[in-house]
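**Q** fold the following and give me the result.
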Amino acid sequence: MPTVPASSQTSEGSSARRRVVLLGATGSIGSSALRVIASHRDRLELVGIAARTDWRKLAKIAREFSVPSVAIYDVAAFLEAGQQGAFPEGTRLMQGPAGLAELAALPCADVVLVAVVGTTGLEPALAAIAAGKDLALASKEILVLAGKFVMAEASRRGTRILPVDSEHNAVFQCIEGHSSSSVRRVILTASGGAFRDWPEERLLRATPADALKHPNWSMGPKITVDCATLANKGLELIEAQWLFGLRPEQCAAVIHPQSTVHCLVEFNDGAMLAQLSPPSMTFPIQHALLYPERARSVEPPLDFTQLMSLEFKPIDEGRYPMIRFARESMAAGGVAPAVFNAANEVAVEAFLRGRIPFLAIPKIVGHALDRTANFEPADLAAVLAADGDVRRCATLDVEILK
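**A** All right, here's what the predicted structure looks like:
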């Protein structure tokens with residue numbers, strides 16, 4: 001379970017505002033986080049923001065929230081923003097990976113919300129941990145790539161990691177106050193994505209536009225495609241293992257079309273706790289940013305005066321091979337989860353660019369897992385080297401399959 005040192009807890013009704021750094025401010029998670037911060041200005045203050053390229057949107061956010069420190073990952077975008085004089089006078093501008101890491105370690109910050117796509121957030125996440133900041137983690141790829149090292153560093157520093165993914169935040173809420181030894185298993189729910197009700201033969205003609213029509217959630221392109229393949233749920237299972245100290249066999253997933261129940265935690269006595277909320281990221285983001293406080297929600301809660309049904313069904317791993325690859329990666333350990341993640345990132349980007357068909361995504365990931373010799377990494381450098389090797393080989397596969 002994520003470590004929550006007593007010294008870092010905020011007492012109910014505290015008048016001090018929590019100072020937030022938001023990495024990925026222009027994305028879908030960032031937009032939801034801004035809604036939460038805007039609704040709780042008496043409790044939250046935005047002191048740093050970052051994005052990859054969209055400096056115009058960053059500048060607008062900086063003006064609206066009076067943000068003093070800004071980082072832009074892309075060099076060309078950083079230079080363009082500087083030439084245009086887009087940011088308010090006195091704004092401190094930082095650039096590139098080093099800029100994101102510096103922003104994450106701002107002395108004035110209390111909590112750093114990492115919501116950047118893929119593994120770009122690893123360095124700033126480690127910087128936040130090293131600086132003793134609370135880490136609100138929405139980028140699941142960070143723990144998939146380097147969970148062993150990130151969690152060890154958080155434990156060594158006494159830093160708490162607060163899950164922001166709706167499923168992991170739900171687990172966090174359900175198991176709080178229970179010993180880890182009392183948990184039999186954790187069950188994450190999956191909507192099934194855009195192709196949940198498609199016949200399998202139709203998937204041969206699936207386009208990026210089709211994949212981005214998620215039935216329940218509004219998210220970025222990469223994660224929405226991952227929902228369609230169920231790679232997202234596979235990544236979440238791997239992340240849950242690290243966040244909550246679970247064995248692979250204790251992590252399971254089911255299809256739940258309504259996206260209302262975000263997890264079920266089964267205890268040794270057979271009892272289950274579930275966490276329910278509407279399918280909006282404002283709920284888990286608010287919980288993480290204000291933890292352990294509870295405050296009025298940004299959006300209306302569930303309305304049980306309206307007709308509601310909750311359905312659950314097992315995942316067909318034949319239809320969704322990515323969930324099988326994720327489970328096999330968890331069982332194998334070592335760098336296998338990093339291989340799964342790296343190959344998937346390359347394949348999804350190629351699909352979104354129209355370079356490969358939808359069904360080529362699991363082919364590329366399966367090939368990467370088959371040909372990569374697994375090993376237990378001694379340090380983070382070994383993981384990053386394996387990640388780079390897999391990306392290069394997966395890129396060659398894209399050329400073959402396009």
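
**Q** and Val254, that's in a helix?
**A** No: Val254: not assigned to a helix; according to DSSP: H, G, I helix; E, B strand; the rest coil it is strand.

**Q** okay, now the nearest residue to Thr282 once chain neighbours are set aside: neighbour count?
**A** If you skip the residues right next to it in sequence, Thr282 has Val298 as its closest partner in space, 4.3 Å away by C-beta to C-beta, 6 or more residues apart in numbering. C-beta: built from backbone N, CA, C; applies to glycine. As a burial measure, Val298 scores 17 neighbours (other C-beta atoms under 10 Å).

**Q** one more: Leu93?
**A** If we define neighbours as other C-beta under 10 Å, then Leu93 has 17 of them.

**Q** ok, it touching Gln83?
**A** No: using C-beta atoms under 8 Å, Leu93 is not in contact with Gln83; the gap is 11.8 Å.

**Q** looking at this, Thr120 is in a helix?
**A** Yes: according to three-state DSSP, Thr120 belongs to a helix.

**Q** ok, now which ones touch it?
**A** Residues in contact with Thr120, defined by C-beta atoms under 8 Å, 6 or more residues apart in numbering, are Arg52, Tyr73, Pro97, Leu100, Ser139.

**Q** assign a three-state SS to Arg327, would you?
**A** When the rule is three-state DSSP, Arg327 gets the label helix.

**Q** quick one: average pLDDT of the longest helix anywhere in the chain?
**A** Taking DSSP state H as the criterion, the chain has its longest helix at helix 380-401. The predicted model assigns helix 380-401 a mean pLDDT of 95.

**Q** for Ala86, the count of nearby residues, please.
**A** Ala86 has 18 neighbouring residues, counting by other C-beta under 10 Å.

**Q** thought it was touching Asp54?
**A** No: proximity of Ala86 to Asp54 does not meet the contact threshold set by C-beta under 8 Å, at 11.0 Å.

**Q** which residues touch stretch 244-257?
**A** Outside of stretch 244-257, the residues within contact range by C-beta under 8 Å, 6+ apart are 1-2, 171, 175, 180, 183-192, 196, 215-216, 233, 236-237, 240-241, 310-315, 323, 327, 330-331.

**Q** now the end-to-end length of stretch 274-285.
**A** Between the opening and closing residues of stretch 274-285 we find a distance of 18 Å, counting by C-alpha to C-alpha, to the nearest Å.

**Q** next one: it to chain centre, how far?
**A** Its chain's C-alpha centre and that of stretch 274-285 lie 14 Å apart, by C-alpha atoms, centre = their mean, to the nearest Å.

**Q** in that stretch, what's buried?
**A** The neighbour-count criterion (16 or more other C-beta atoms under 10 Å) identifies Gln275, Leu276, Ser277, Pro278, Pro279, Ser280, Met281, Thr282, Phe283, Pro284, Ile285 as the buried residues of stretch 274-285.

**Q** where does pLDDT dip in the stretch 1-150 of the chain?
**A** In the predicted model, the stretch 1-150 of the chain carries pLDDT under 70 at residues 1-15.

**Q** helices of that one, residue ranges please.
**A** For the stretch 1-150 of the chain, helices defined by DSSP state H, counting those that start in this stretch occupy the ranges 28-39, 55-65, 75-84, 96-104, 122-130, 141-157.

**Q** taking those helices together, which one is wrapped up most tightly?
**A** helix 122-130 (a mean of 24; mean count of other C-beta atoms under 10 Å).

**Q** ok, of the contacts of stretch 244-257, which come out buried?
**A** When those are checked against 16+ other C-beta under 10 Å, the ones flagged as buried are 1-2, 171, 175, 183, 185-192, 196, 215-216, 233, 236-237, 240-241, 315, 323, 327, 330.

**Q** take those residues and keep only those in strands.
**A** Val183, Arg185, Val186, Ile187, Leu188, Thr189, Ala190 (DSSP state E).

**Q** list the residues that contact the residue lying closest to Phe65 once chain neighbours are set aside.
**A** Distances taken as C-beta to C-beta, 6+ apart put Leu46 closest to Phe65, at 4.4 Å, once the chain neighbours are dropped. Neighbouring residues of Leu46 by C-beta under 8 Å, 6+ apart: Arg19, Val20, Leu22, Leu34, Ile37, Ile61, Phe65, Val67.

**Q** switch to 10 Å and redo it
**A** Taking C-beta atoms under 10 Å, 6 or more residues apart in numbering, we find Leu46 in contact with 17, 19-22, 25, 33-34, 37-38, 61-62, 64-69, 113.

**Q** how about Ala77?
**A** Ala77 touches Ala51, Arg52, Thr53, Asp54, Trp55, Arg56, Leu58, Gln95, counting by C-beta under 10 Å, 6+ apart.
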